[in-house]
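Chemist: Got a predicted structure plus its sequence, pasted below:
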Amino acid sequence: MGSVAMDSDYGATRELSSLQKQRALYCPALPPCLQGTAVKVEYGGAATAADSGDAHVISRVFPHTYGQQLAHFLPKTANVPEAAIITQHPVVRVGVVFSGRQSPGGHNVIWGLHDALKAHNPSSKLIGFLGGTDGLFAQKSLEITNEVIASYKNQGGYDMLGRTRDQIRTTEQVKAAMASCQALKLDALVIIGGVTSNTDAAQLAETFAELKCLTKVVGVPVTLNGDLKNQFVETTVGFDTICKVNSQLISNVCTDALSAEKYYYFIRLMGRKASHVALECALQSHPNMVLLGEEVAASKLTISDITKQICDAVQERAGKDKYHGVVLIPEGLVESIPELYALLQEIHGLHDKGVSIENISSHLSPWASALFNFLPPFIRKQLLLHPESDDSAQLSQIEIEKLLAQLVEAEINKRLDEGTYKGKKFNAICHFFGYQARGALPSKCDCDYAYILGQVCYHILAAGLNGYMATVTNLKSHVDKWECGAAPITSMMTVTGWSRGPAASQIGKPAVHMASVDLKGKAYELLRQNSSSFLMDDIYKNPGPLQFVGAGAEAKPISLCVEDRDYMGRIKQLQDYLEKVKSMVKPGCSQDVLKAALSSMAHVTELLTIMSSPSYSGQATI
């Protein structure tokens, strides 16, 4: 294929391989609720914060967009008399922007949104902002057409529009975003991103509502970290692809380790503050060990504790004449180790005070200085890097896997000298599996999910909703059973305390909740049930290369399949029970049936009244 000359090659037609061309021909099927030209929407109750203790803070910060109703989109055949049916679809102009780190499947969100716009009114237009939020502020845009989309369908990356270090946070940035929306006469702005991006989307929606800007704001859950997860969002676009690609790479390393029988591989995975990627990859590939940041933080394990834990495992395997192994480490482990996190906080505090990198070590407190000097020079240099725009450490640049490998080697050599370890010399090889997967061709699951979320965005706009996130639930089932809806972004928020330095005060700051691995959840329980055999038996499993058709194409994340997170499905199940009660208890039923129904319903109503009270502190696990 030839190329189309455009500014920075954004939207340029790409030359595709035979495989890419074949993938581009695939068009995801739509669930029944998205079929046809009418939009049928059922509204639920007000969606409030998951933690009732945060509600007053969130409602004060978001007075115009907090407490909005949950929306559920229905197939045209659904018998719901109170549902609103929208049949008029005027011409609309919609903007879309990639925000945050790239994640496989992002292009399909735009494709799905474009197809929905054109299906409901061919004169509607989709405007893509070039270069992420910087392009939004600068009004750099491109009209997205069939020709532009053609070579990006079911492909990886964000290169159709591009991205930068993204945020829409400062007053100037919000004003610039609103000016762009008004200048381009946008009816809506769709923001594609993760936790931070959707927090910014919620603030933008609130500001637009306050200032009576007519542009509606919609968020889409797209992030490889898988940490945007709650009762409305089961998983994020990109998570399945990242885990499948990384699991194949891990499995290849496992096979190499088993073949050579003399190396321990320390593999660091992306994941930042939550270890969802590491957990899912461990379940798919069965490495010998996986260190989850949530485990380390909950047990308050020090560097010394973790080193000893790994060394004990190496020694136990040596007892069975096994001198190889594979250890998975999430990049966020750095911030889960108490002393390293405290050291980072002190370093970042000195950055804020303007202390130069060269002088920071001399300004550290005595304990921090001792720890800093204990660490190898390469780690010291990496810890001194300026923090990211969200104030977190540059985790992708900190080689925690290399640090642990060196510490384990030193401890094993010590045990060899003391005669407490009878094995062979310890050999370690370190890898960081991060950027290799970000631009990967998305899995079929992510292609379908992203495309359908794009379609849901149009339904949200047709319903006139502002400050909502597109949602799809029951993802572990076939596409024709997926439930589509929209939830207010503010209902996904919690109030986090943040500070910088030991003397700083805690300030309540609402943000979309970043879900960590649930140490009481079924996915974690499955890992723990198998951890002993993973460690000692070398039951490595290779899921193979990512499949778009054939064996493995329909596979969903194991952590998604073992959990029951279908919120709307359970709502419907409850409604079915209530309908059964209504059909069984009516004039003419026996006294015994009536008494049993009255007693049961009275008890349930009393219990739900208590649980719905603002003073109720118990939080059910969803």
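Modeler: On my side now, so go ahead.
Chemist: To which secondary structure element type does the residue lying closest to Y421 once chain neighbours are set aside belong?
Modeler: Leaving aside its chain neighbours, Y421 sits nearest to R415 (3.5 Å; criterion: CB to CB, 6 or more residues apart in numbering). (Glycine included, C-beta is placed from N, CA and C.) Per DSSP: H, G, I helix; E, B strand; the rest coil, the local secondary structure of R415 is helix.
Chemist: Can you pull out the low-pLDDT segments for the stretch 251-400 of the chain?
Modeler: The model of the stretch 251-400 of the chain has pLDDT under 70 over residues 389-391.
Chemist: how does it look with 90?
Modeler: 271-273, 352, 386-396 (pLDDT under 90).
Chemist: where exactly do the strands run in it?
Modeler: Secondary structure of the stretch 251-400 of the chain (DSSP state E, counting those that start in this stretch): strands at 264-269, 289-290, 325-330.
Chemist: how about those in CSV, adding mean neighbour count and distance to H513?
Modeler: Formatted as CSV, the strands of the stretch 251-400 of the chain follow (neighbours: other CB atoms under 10 Å; distance: least, CB to CB, whole Å):
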stretch, mean neighbour count, distance to H513
strand 264-269, 26, 22
strand 289-290, 22, 24
strand 325-330, 27, 19
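Chemist: What about P557, how many residues nearby?
Modeler: Using other CB atoms under 10 Å, P557 is surrounded by 26 other residues.
Chemist: separation between it and D564?
Modeler: 14 Å (CB to CB, to the nearest Å).
Chemist: do V220 as well
Modeler: Counting by CB to CB, the gap from V220 to D564 is 24 Å.
Chemist: and the two? which has more neighbours close in?
Modeler: Taking neighbours as other CB under 10 Å, V220 and D564 compare with V220 leading, 30 against 12.
Chemist: what helices or strands is the one helix or strand that one maps to leaning on?
Modeler: Using DSSP states H and E, the element containing V220 is strand 216-221. When contacts are defined as 3 or more CB pairs under 8 Å, 6 or more residues apart in numbering; DSSP states H and E, strand 216-221 packs onto strand 188-193, helix 195-210, helix 444-462, strand 468-473.
Chemist: Report all helices and strands that the longest one contacts.
Modeler: What that stands for is helix 444-462. Identification of packing neighbours for helix 444-462 by 3+ CB pairs under 8 Å, 6+ apart yields strand 39-46, strand 69-73, helix 106-120, strand 216-221, helix 239-260, strand 468-473, strand 483-488.
Chemist: The helix or strand of the chain with the lowest mean pLDDT vs strand 468-473, what angle?
Modeler: When the helices and strands of the chain are compared on mean pLDDT, DSSP states H and E, helix 567-584 comes out lowest with a mean of 75. Interaxial angle of helix 567-584 relative to strand 468-473 (axes from the mean of the first three to the mean of the last three CA atoms, to 10 degrees): 70 degrees.
Chemist: Tell me how far helix 567-584 lies from the chain's centre.
Modeler: Centroid separation between helix 567-584 and its chain, computed with CA atoms, centre = their mean, to the nearest Å, is 31 Å.
Chemist: which other residues reach that helix?
Modeler: Helix 567-584 has contacts (CB atoms under 8 Å, 6 or more residues apart in numbering) with 44, 72, 231-232, 473-474, 483, 485, 564, 593, 597, 601, 622.
Chemist: most tightly surrounded among the helices and strands packed on strand 216-221?
Modeler: Mean neighbours per residue, mean count of other CB atoms under 10 Å, is largest over the helices and strands packed on strand 216-221 for strand 188-193, with a mean of 30.
Chemist: Restrict that strand to CA atoms and write it as CSV.
Modeler: Extracted C-alpha coordinates of strand 188-193, given in CSV (Å, rounded to 0.1, in the frame of the first residue of the first chain):
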residue,chain,number,x,y,z
ALA,A,188,-19.1,15.2,22.8
LEU,A,189,-15.5,14.4,23.6
VAL,A,190,-14.5,10.7,24.2
ILE,A,191,-11.4,10.2,26.3
ILE,A,192,-9.7,6.8,25.9
GLY,A,193,-7.5,5.9,28.9
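Chemist: May I have the strands that pair with it, each with its orientation?
Modeler: Here strand 188-193 is paired, per DSSP bridges, with strand 93-98 (parallel), strand 216-221 (parallel).
Chemist: residues in contact with it?
Modeler: Strand 188-193 has contacts (CB under 8 Å, 6+ apart) with 92, 94-100, 106, 109-110, 113, 136, 166, 168, 177, 181, 197-198, 200-201, 204, 215-220, 222-223, 457, 461.
Chemist: helix/strand/coil for the residue nearest in space to the middle of the chain?
Modeler: With distances taken as CA atoms, centre = their mean, G226 lies nearest the centre of the chain, 2.8 Å away. Using three-state DSSP, the three-state assignment for G226 comes out as coil.
Chemist: Let the chain start at 46 from now.
Modeler: In the new numbering, first residue 46, that becomes G271.
Chemist: For it, give me its contacts.
Modeler: 280-281, 284, 288, 316, 319, 321-322, 325.
Chemist: which one among the residues you listed gets closest to L429?
Modeler: G316 (22.6 Å; CB to CB).
Chemist: close enough to count as contact, the closest one and V379?
Modeler: No: contact between G316 and V379 fails when scored by CB atoms under 8 Å: they sit 11.3 Å apart.
Chemist: Neighbour count: the two, which is higher?
Modeler: For G316 versus V379, the count of surrounding residues by other CB under 10 Å is larger for G316: 30 against 26.
Chemist: what about the closest residue to L448 other than its chain neighbours, how many neighbours?
Modeler: Nearest residue to L448, sequence neighbours excluded (CB to CB, 6+ apart): I424, at 5.2 Å. Counted by other CB under 10 Å, the residues lying close to I424 total 19.
Chemist: picking up where we left off before, the residue nearest to Y466: how many residues sit nearby?
Modeler: 17.
Chemist: Surely it and Q360 touch.
Modeler: Yes: counting by CB under 8 Å, R460 touches Q360, with 7.1 Å between them.
Chemist: coming back round to it: let's have the helices and strands packed on helix 489-507 in a markdown table, adding distance to S349.
Modeler: Output for the helices and strands packed on helix 489-507, formatted as a markdown table (distance: least, CB to CB, whole Å):
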| stretch | distance to S349 |
| --- | --- |
| strand 84-91 | 50 |
| strand 114-118 | 48 |
| helix 151-165 | 41 |
| strand 261-266 | 38 |
| helix 284-305 | 26 |
| strand 513-518 | 42 |
| strand 528-533 | 44 |
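Chemist: Would you check how far apart D232 and W156 are?
Modeler: 19 Å.
Chemist: would JSON lines of the strands of the stretch 296-445 of the chain with distance to T650 be doable?
Modeler: Below are the strands of the stretch 296-445 of the chain laid out as JSON lines (distance: least, CB to CB, whole Å):
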{"stretch": "strand 309-314", "distance to T650": "47"}
{"stretch": "strand 334-335", "distance to T650": "45"}
{"stretch": "strand 370-375", "distance to T650": "44"}
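Chemist: F253: which of the ones you listed is closest?
Modeler: strand 370-375 (36.4 Å).
Chemist: what are the pairing partners of that closest one, and which direction each?
Modeler: Strand 370-375 is paired, per DSSP bridges, with strand 309-314 (parallel), strand 334-335 (parallel).
Chemist: any residues touching it, and which ones?
Modeler: Residues from elsewhere that reach strand 370-375, judged by CB under 8 Å, 6+ apart: 295, 298-299, 302, 309-317, 319-320, 322-323, 326-327, 332-338, 355, 358-359, 362, 445-446, 449, 585.
Chemist: for K365, phi and psi?
Modeler: phi -110, psi 20 (degrees, to the nearest 10).
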